[in-house]
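Enquirer: return a 3D structure for these sequence lines:
(2 chains)
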2 protein chains.
Amino acid sequence: MASASVETTAVLTATDVADVIRVVGIDQFMDDVIDGVRCAAEDLNPETTMTIERAGFQYEKPCLGLVEWMPSMELGRAVGIKTVGYHPSNPNQRGLPSVMATTSIHDTGTGRLIALVDATLLTAIRTGAASAVVTDILARPDSSTLALIGCGAQSVTQAHAISRVRPITRVLAFDADPLVAESLADRLPFAVQVEVMNSADEAASQADIICTATTVDIGAGPVISEAALLRPGVHINAVGADFPGKTELPMSVLKSALVVPDEVSQCLKEGESQQLAPSDLGPDLPALVQAAADHADHRNGLTIFDSTGWSLEDLIAAEIVLEHALHHEIGIHTELQHTPADPYNPYELL
Amino acid sequence: MASASVETTAVLTATDVADVIRVVGIDQFMDDVIDGVRCAAEDLNPETTMTIERAGFQYEKPCLGLVEWMPSMELGRAVGIKTVGYHPSNPNQRGLPSVMATTSIHDTGTGRLIALVDATLLTAIRTGAASAVVTDILARPDSSTLALIGCGAQSVTQAHAISRVRPITRVLAFDADPLVAESLADRLPFAVQVEVMNSADEAASQADIICTATTVDIGAGPVISEAALLRPGVHINAVGADFPGKTELPMSVLKSALVVPDEVSQCLKEGESQQLAPSDLGPDLPALVQAAADHADHRNGLTIFDSTGWSLEDLIAAEIVLEHALHHEIGIHTELQHTPADPYNPYELL
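Expert: Coordinates of the predicted model:
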């Protein structure tokens, strides 16, 4: 894909990423990331594509949060490492996004840093794109009503991505904070009717597709109750569970559904699948995409995408941005790493 | 330590790092990093300082190499993540350093990226500094002859750092490539007599302190033979072993010495300690520093520092640079991560 200059590192700020997306067009960009994730899953070769389960520091002081890293490699091309800060109190207490991230891209031929890309928006977009890939396989073709449980930043890209693969005409919005649900309509980048609901169950029970993307506290889930009367063929993208003890769906729903984890070991630790045994799980994201036709009959049953974030999605999204940034000369291109006259002299620049 | 602006990310290139070091003075800067590593080891509180063993992708195509990450956290202050590329064929085949690295510093209160610092020079400096901390405890006070086995970039900072804690007047240089040994004198930042030796054993047998920092191939070690007649009180800083199967010291030397690993589990996997059982190891770097006086009698015996790189050293070195860079307004200070008017609107910038 993108071939950066051997000598410079591209530093792409949030504004640069937005400039790239504006040049490409926001719908086209989302379609490109959806295609990128689908193709990566379809073509996955474990000999050359490697991901390492994310790891990180979790803490409760100065506030509940974590900083973690998500590495992936396309052998012979690049290593991508996304570092993510997740601090659920950021929006309310500091006016910052709860998820802030950057992705670094390293050349596997030299170890040089090719690019550092702000990945805050890209994380939201690739998470939406992954839901769209699974939704496109497992939701009924005529699905038109989408329930959003949790109406923060992630819900915007969930709705946008899903609108690219299904004819969504109606969005049912519920958030624990009614003001957040009420502001959703102004934040969606496509024309759709938005109705604010009084409860998660009310929204969920009328939907063809549900996305849960909440900041529910650890141990406080589920956000949809056992009593919710879901439609028979509903597809659920469960996006919010990303912490041991944080879950959004009730056991009865999980037990009666085909559950597709994005990354099995991560989902068993941090996703909805924490509540399940490995034998309860369906195919993972790559296996689903590779046998999409075989799973078409699941469209009439209850299906769940357990999305914890697959590190390869981050490398794909960052590389798409980098390619356009190089082509359009967007961003800072700096000699971050010195190419020495004498590689044996560390003090050469002094 | 450094308190960056809440809103900007400092991007410090190799040139910026060199500018900082020039302002501080190279000797003072080395002393500051030595002090920083010593204090971090002395004050280590496992409740608030955490390091995670490095992990990475190792590969043999397109060339032998690895990209790995080394995370550390000072709780309530910062997470540091150094990403390192190690490609031993870089100097000969591409005119690049074999080790290229960057360190990112993240605010543990918000997850925001505070700084990205080129760490290629800093890695060499902090590795030298760690050797100096241990040498200062375990080498005889009158040690004046230093053998450098392997005379690449790392040997320069080993010699420089050790010259800050011991009265080094004579350097014995051996490298598998005689041209590299011959050019060493021009690369050392302090006045000293340099003699090129014909073999590693010849250099090692005349030295009070030895530093091994070679790119010996996996399985091809040791670089000092079993037959080398070492002085009784010699202290060895073994720096080169950083890959499973790569070792520099012979078993007889390891078995008869006090071996101080910097990070036990890493050393058992990648360091000289690969050749040893956990019960063969002495105190690790923090334990040694915390009980320095108790170990003074080891100065008369054979001692070895097994240095694989401790991730906290990287955070310390990067924070020292960042503090000066903010004070002197060195580097690029960019709004890498957007502070949104509405944290719930990921598309705000579009």
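
Enquirer: what about A:Gln193, how many residues nearby?
Expert: Neighbours of A:Gln193 under the rule other C-beta atoms under 10 Å in any protein chain shown: 11. Where you see a C-beta, it was placed from the backbone N, CA and C, and this is true even at glycine.

Enquirer: give the contact list for it.
Expert: By C-beta atoms under 8 Å, 6 or more residues apart in numbering or on different chains, the contact list for A:Gln193 reads A:Thr169, A:Arg170, A:Val171.

Enquirer: which of those sits closest to chain B?
Expert: Nearest to chain B, judged by C-beta to the nearest C-beta, of these is A:Val171 at 14.8 Å.

Enquirer: ok, back up a step: output the contacts of A:Gln193 as a markdown table; include the columns secondary structure, neighbour count and distance to A:Glu60.
Expert: Formatted as a markdown table, these follow (DSSP: H, G, I helix; E, B strand; the rest coil; neighbours: other C-beta atoms under 10 Å in any protein chain shown; distance: C-beta to C-beta, whole Å):
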| residue | secondary structure | neighbour count | distance to A:Glu60 |
| --- | --- | --- | --- |
| A:Thr169 | coil | 12 | 43 |
| A:Arg170 | strand | 15 | 40 |
| A:Val171 | strand | 26 | 35 |
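
Enquirer: out of these, who's near chain B?
Expert: For chain B, no contacts are drawn from the contacts of A:Gln193 by C-beta under 8 Å from any C-beta of the partner chain.

Enquirer: read off the pLDDT value for the closest residue to A:Pro178 other than its chain neighbours.
Expert: In space, and not counting its chain neighbours, A:Pro178 is closest to A:Val196: 7.0 Å by C-beta to C-beta, 6 or more residues apart in numbering or on different chains. Listed pLDDT for A:Val196 reads 98.

Enquirer: what bridges to A:Val196?
Expert: Beta-bridge partners recorded for A:Val196 (DSSP bridges): A:Ala173.

Enquirer: in three-state terms, label the residue nearest in space to the middle of chain A for me.
Expert: Nearest to the geometric centre of chain A sits A:Thr127, at 1.8 Å (C-alpha atoms, centre = their mean). Under DSSP: H, G, I helix; E, B strand; the rest coil, A:Thr127 falls in the helix class.

Enquirer: please point out which parts of stretch A:190-197 sit buried.
Expert: A:Val192, A:Val194, A:Glu195, A:Val196, A:Met197 (16 or more other C-beta atoms under 10 Å in any protein chain shown).

Enquirer: list the contacts for the closest residue in space to the second one that isn't next to it in sequence?
Expert: When the adjacent residues along the chain are set aside, A:Val194 lies closest to A:Ala185, with 4.0 Å between them (C-beta to C-beta, 6+ apart). Counting by C-beta under 8 Å, 6+ apart, A:Ala185 touches A:Val171, A:Ala173, A:Val194.

Enquirer: repeat the analysis, applying 10 Å as the threshold.
Expert: Residues near A:Ala185 by C-beta atoms under 10 Å, 6 or more residues apart in numbering or on different chains: A:Cys151, A:Val171, A:Ala173, A:Val192, A:Gln193, A:Val194, A:Glu195, A:Val196.

Enquirer: and these, which is closest to A:Leu268?
Expert: For these, the closest approach to A:Leu268 (C-beta to C-beta) belongs to A:Cys151, at 28.1 Å.

Enquirer: the closest residue in space to A:Val171 that isn't next to it in sequence is in what secondary structure piece?
Expert: Excluding the flanking residues, the one nearest A:Val171 by C-beta to C-beta, 6+ apart is A:Val194, at 4.7 Å. Element membership for A:Val194 (DSSP states H and E) is strand A:193-196.

Enquirer: quick one: contacts for A:Glu195?
Expert: Going by C-beta under 10 Å, 6+ apart, A:Glu195 touches A:Thr145, A:Ala147, A:Arg170, A:Val171, A:Leu172, A:Ala173, A:Phe174, A:Ala181, A:Ala185, A:Glu202, A:Ala203, A:Gln206.

Enquirer: these two touch, right, the fourth one and A:Ser155?
Expert: Yes: using C-beta atoms under 10 Å, A:Val171 makes contact with A:Ser155 at a distance of 9.2 Å.

Enquirer: overlap in contacts, those two.
Expert: Residues touching both A:Val171 and A:Ser155 (C-beta under 10 Å, 6+ apart) are A:Leu146, A:Leu148, A:Leu184, A:Leu188, A:Cys211.

Enquirer: what's the neighbour count on the residue nearest to the fourth one when sequence neighbours are not counted?
Expert: Once flanking residues are discounted, A:Leu188 sits nearest to A:Ala159: 5.7 Å by C-beta to C-beta, 6+ apart. A total of 27 residues lie near A:Ala159 under the criterion other C-beta under 10 Å.

Enquirer: before we move on, what about A:Pro278?
Expert: Burial of A:Pro278 is recorded as 11 neighbouring residues (other C-beta under 10 Å).

Enquirer: show the contacting residues for the nearest residue to it once chain neighbours are set aside.
Expert: By the measure of C-beta to C-beta, 6+ apart, the closest residue to A:Pro278 outside its immediate chain neighbours is A:Leu268, 6.5 Å from it. Counting by C-beta under 10 Å, 6+ apart, A:Leu268 makes contact with A:Pro261, A:Gln274, A:Gln275, A:Leu276, A:Ala277, A:Pro278, A:Leu281, A:Asp306, A:Thr308.

Enquirer: sorry, back to before: looking at the buried residues of stretch A:190-197, spot the one nearest A:Ala55.
Expert: Distance to A:Ala55, by C-beta to C-beta, is smallest for A:Met197 among the buried residues of stretch A:190-197, at 37.4 Å.

Enquirer: tell me the confidence at the spatially closest residue to the closest one that is not a sequence neighbour?
Expert: Spatial nearest neighbour of A:Met197, excluding adjacent residues (C-beta to C-beta, 6+ apart): A:Ala203 at 4.0 Å. A:Ala203 is assigned a pLDDT of 98 by the prediction.

Enquirer: double-check that A:Ala203 belongs to a helix.
Expert: Yes: with three-state DSSP as the criterion, A:Ala203 is part of a helix.

Enquirer: that one: how many residues sit nearby?
Expert: When neighbours are defined as other C-beta under 10 Å, A:Ala203 has 26 of them.

Enquirer: ok, A:Val24 next?
Expert: 17.

Enquirer: can you get me a residue count around the residue lying closest to it once chain neighbours are set aside?
Expert: Leaving aside its chain neighbours, A:Val24 sits nearest to A:His324 (6.1 Å; criterion: C-beta to C-beta, 6+ apart). Look at A:His324: counted by other C-beta under 10 Å, it has 22 neighbours.

Enquirer: secondary structure class for A:His324?
Expert: Per three-state DSSP, the secondary structure class of A:His324 is helix.

Enquirer: other SSEs contacting the helix or strand hosting A:Ala18?
Expert: Using DSSP H and E, A:Ala18 maps to helix A:14-24. On a contact count with 3 or more C-beta pairs under 10 Å, 6 or more residues apart in numbering or on different chains; DSSP states H and E, helix A:14-24 meets strand A:9-12, helix A:26-42, strand A:113-118, helix A:120-138, helix A:311-328, strand B:332-334.
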